[in-house]
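J.: I need the structure of the sequence given here:
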Amino acid sequence: MPIVQIHLLEGRTQEQKRELVKRVTQAVCETTNSPPEKVRVILSDMAHGDYAVGGVLTMDQKMDQGKK
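T.: Here you go, the predicted structure:
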């Protein structure tokens, strides 16, 4: 049973998530020869304060970009 875990920064719509899950499931089925009912997709939304790049929280990066 394939299990796919995807971490996203918050802000995607439910429709975007539906489409993502649909397409990821299709890709997994095609590449692993698994039926769709055996594919599990776990989406995890993260707040911008819970993710950092280069030692800077993404929420702080957004604030810095707004100052420019």
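J.: what sits against the residue most central in space within the chain?
T.: The centroid of the chain falls nearest to residue 8 when counting by Cα atoms, centre = their mean (3.4 Å). Listed by Cβ atoms under 8 Å, 6 or more residues apart in numbering, the contact partners of residue 8 are 43, 44, 45, 46. In this view, the C-beta of every residue, glycine as well, is placed from N, C-alpha and C.
J.: Remind me what the lengthiest helix in the chain packs against, helices and strands.
T.: Counting by DSSP state H, the longest helix found in the chain is helix 14-32. Packing partners of helix 14-32 (3 or more Cβ pairs under 8 Å, 6 or more residues apart in numbering; DSSP states H and E): strand 3-9, strand 40-46.
J.: got those strands as a markdown table, with mean pLDDT and distance to residue 16 columns?
T.: Shown next, in a markdown table, are the helices and strands packed on helix 14-32 (pLDDT from 0 to 100; distance: least, Cβ to Cβ, whole Å):
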| stretch | mean pLDDT | distance to residue 16 |
| --- | --- | --- |
| strand 3-9 | 97 | 9 |
| strand 40-46 | 97 | 10 |
